[in-house]
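Trainee: Okay, predicted coordinates and the sequence, questions at the end:
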Amino acid sequence: MAPPSAHTESDTRRKRPGRLPRVEEAISNPGAVKINVTGAFIVDDDDRSRSPVEADGVHYENKDIRLPHHTGVVSHVAVDIGGSLAKLVYFTRELDAEDNGGRLNFINFETHRIDICINFIRQLKEEHEQRNGKSRDELCVVATGGGAYKFYDKLKEALDVNILREEEMECLIIGLDFFITEIPNEVFTYSDADTEPMQFAEARPDVYPYLLVNIGSGVSMIKVSGPRQFQRVGGTHLGGGTFWGLMSLLTGARTFDDMLAMADRGDNSGVDMLVGDIYGMDYTKIGLKSTAIASTFGKVFRLKNAAERDAEDGEGLYHDDHPEQSNGGVNFRHEDMSRSLLYAISNNIGQIAYLQSEKHEVKHIYFGGSFIRGHRQTMNTLSYAIRFWSKGEKQAYFLRHEGYLGAVGAFIRRQPQNWGRRNSVDEVVAPQAVHNLVQNNVLNQPQNSQSSSS
């Protein structure tokens, strides 16, 4: 299916009913900003989308989310600090734009470089004070992830701002729900078997239930039954941290991007034992192609022993002047090991995700987390695993901002419950807000002609 236009899809979204200004005010938390996502779209290949921080261990996402109709002051930034990466989401105003809107910006920092992240937040604070003054809408930081606790004192001391800590799992779900329901062309499927591998998913009225597989340093699998109704049903400790750690030991690679680049150039058959290595052909009776992996790194031991036997016989003498990994005279390419390890981690996660989806009767599986990084081999492997084990009955879904679910969830966590979900604010939150207003005799007071939000 051809990808729909972001502008066209956003223009056809249903308009939300109007609300009383006092109700708008009552259902918001004090100091919270209500984000206007009307007409939101993802910006591609824009000169404005460039990194504000130039340093090792910093990655800026060139996929800003344009919010053309949000004109209110945004007085907070959000950061999700994990074991490997700190993911930051912040809003910038575009005063030179005709609509006077702004953007959500996305940037991540390796966690061991948290000081660079803190310095950048300090810079955002100073810019906020220059535009809005120190006394009005003072900037605060909404933090989630384990680092929200580990680095709380450091953040508080260095920034001298209010630090609001939010529960990690809830932020993940709020962030994913936001992307699914509010941002056109965010969710997609991926398969190298298709003419167009990446295809945007159409919005579904039946969002729930679904399974979120969040792949960071480790892996969490969360069943989501409804808005803010979720349960962690499983996971695995073999995740992104496993890949990064073993890759650094085996290849000496220092950055995740270098590791993925190696995997792109690799051929896993150089180290993996394939079905064809055992049978010499496809094993059609049980549906296995000759290229299917029978044993990850299984060829290494066999080749190493063969090389050692040849060396004992005076054959295959080898002088190692090459920076690749060698054992007993056999040279194993870093690229091949990278591809093998990437397949091993991704296939394992994909199979466990399928089993959890079967156990909990969930059809739709979303993969998030910074391990994916939009990498085609990773996505293709996860997609293939879900299709293979489900016999084509289930589908893997990916997101263009897959690493920022928690940070985005924290960013909008200060909103009223279900804020931004299509029509749900009116159906779920507003009645309770009206009840509270009546109890406090607020509705009888004079109302302003304009809402405090956009």
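Mentor: Sure thing, it's come through. Being a predicted model, the structure only gives us computed values, none of them experimental. Residues are numbered from 1 along each chain as shown.

Trainee: what's the weakest-modelled helix or strand in this protein?
Mentor: Of all helical and strand segments in the chain, the minimum by mean pLDDT, DSSP states H and E falls on helix 21-26, at a mean of 32.

Trainee: For the helix or strand that Asp258 is a member of, output the C-alpha coordinates as PDB.
Mentor: For Asp258, the enclosing helix or strand under DSSP states H and E is helix 256-265. Output of helix 256-265 as PDB, limited to C-alpha atoms (Å, rounded to 0.1, in the frame of the first residue of the first chain):
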ATOM      1  CA  PHE A 256      26.200   1.200  18.500                       C
ATOM      2  CA  ASP A 257      26.100   2.800  15.100                       C
ATOM      3  CA  ASP A 258      29.500   1.200  14.300                       C
ATOM      4  CA  MET A 259      28.100  -2.200  15.400                       C
ATOM      5  CA  LEU A 260      25.100  -1.900  13.200                       C
ATOM      6  CA  ALA A 261      27.200  -0.800  10.200                       C
ATOM      7  CA  MET A 262      29.400  -3.900  10.700                       C
ATOM      8  CA  ALA A 263      26.300  -6.100  10.800                       C
ATOM      9  CA  ASP A 264      25.100  -4.600   7.500                       C
ATOM     10  CA  ARG A 265      28.400  -5.700   5.800                       C
END
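
Trainee: contacting residues around the residue lying closest to Gly101 once chain neighbours are set aside?
Mentor: Using Cβ to Cβ, 6 or more residues apart in numbering and skipping the chain neighbours, the partner closest in space to Gly101 is Pro68 (4.0 Å). Every C-beta, even on glycine, is put in place using the N, C-alpha and C of the backbone. Residues near Pro68 by Cβ atoms under 8 Å, 6 or more residues apart in numbering: Thr38, Gly39, Ala40, Ala97, Asp99, Gly101.

Trainee: Run a quick neighbour tally on Ile293.
Mentor: Using other Cβ atoms under 10 Å, Ile293 has 18 neighbouring residues.

Trainee: do Asn100 as well
Mentor: 13.

Trainee: if I pick it, what's in contact with it?
Mentor: Asn100 neighbours (Cβ under 8 Å, 6+ apart): Thr71, Arg93, Glu94.

Trainee: Pipe those residues into CSV and attach neighbour count and secondary structure per row.
Mentor: Shown next, in CSV, are the contacts of Asn100 (neighbours: other Cβ atoms under 10 Å; DSSP: H, G, I helix; E, B strand; the rest coil):
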residue, neighbour count, secondary structure
Thr71, 14, coil
Arg93, 17, strand
Glu94, 15, coil
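
Trainee: ok, so of those residues, who is nearest Glu61?
Mentor: Glu61 lies nearest to Glu94 out of the contacts of Asn100, by Cβ to Cβ, at 17.5 Å.

Trainee: Quick check: the closest residue to that closest one other than its chain neighbours vs Leu85, distance?
Mentor: Among residues not flanking Glu94 along the chain, Gly102 sits closest, at 5.5 Å (Cβ to Cβ, 6+ apart). To Leu85, Gly102 is 25 Å away according to Cβ to Cβ, to the nearest Å.

Trainee: Could you check which of the two has the larger neighbour count?
Mentor: Leu85 (27 against 24).

Trainee: partners of the more buried one in the sheet?
Mentor: On the basis of DSSP bridges, Leu85 is bridged to Glu110.

Trainee: same deal with Cys140?
Mentor: Beta-bridge pairing for Cys140 (DSSP bridges): His76.

Trainee: wait, it sits on His76?
Mentor: Yes. In this structure, Cys140 is within contact of His76 by Cβ atoms under 8 Å, at 4.8 Å.

Trainee: Need the residues touching each of those two.
Mentor: Shared contacts of Cys140 and His76 (Cβ under 8 Å, 6+ apart): Leu164.

Trainee: So between these two, which is more surrounded?
Mentor: More crowded of Cys140 and His76, by other Cβ under 10 Å: His76, with 24 against 18.

Trainee: can you pull the pLDDT of that one?
Mentor: With respect to pLDDT, His76 has a value of 90.

Trainee: Surely it is in contact with Leu139?
Mentor: Yes. Using Cβ under 8 Å, His76 is in contact with Leu139, at 6.5 Å.

Trainee: Report how many residues lie close to Gly252.
Mentor: When counting by other Cβ under 10 Å, one arrives at 11 neighbours for Gly252.

Trainee: Could you do the one 4 residues further on as well?
Mentor: Phe256 has 22 neighbours, counted by other Cβ under 10 Å.

Trainee: Contacts only, for it.
Mentor: Trp244, Arg373.

Trainee: Ok, Gly83 next?
Mentor: Contacts for Gly83 (Cβ under 8 Å, 6+ apart) come out as Thr111, Gly146, Gly216, Ser217, Gly218, Gly241.

Trainee: let's go with 7 Å and repeat that
Mentor: By Cβ atoms under 7 Å, 6 or more residues apart in numbering, the contact set of Gly83 is Thr111, Gly146, Gly216, Ser217, Gly241.

Trainee: The helix or strand that the least confident helix or strand of the chain is followed by pairs with which strands?
Mentor: Counting by DSSP H and E, the next helix or strand C-terminal to helix 21-26 is strand 41-42. Next to strand 41-42 in the sheet, as set by DSSP bridges, lie strand 65-67 (antiparallel).

Trainee: one step back: output the contacts of Gly83 in CSV, with distance to Leu249 and pLDDT appended to each entry.
Mentor: Formatted as CSV, the contacts of Gly83 follow (distance: Cβ to Cβ, whole Å; pLDDT from 0 to 100):
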residue, distance to Leu249, pLDDT
Thr111, 19, 94
Gly146, 24, 95
Gly216, 20, 92
Ser217, 16, 91
Gly241, 12, 93
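
Trainee: Just the buried ones from the residues you listed, in ChimeraX syntax?
Mentor: Of these, the buried ones go into a single ChimeraX selection, burial set by 16 or more other Cβ atoms under 10 Å:
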select :111,216,217,241
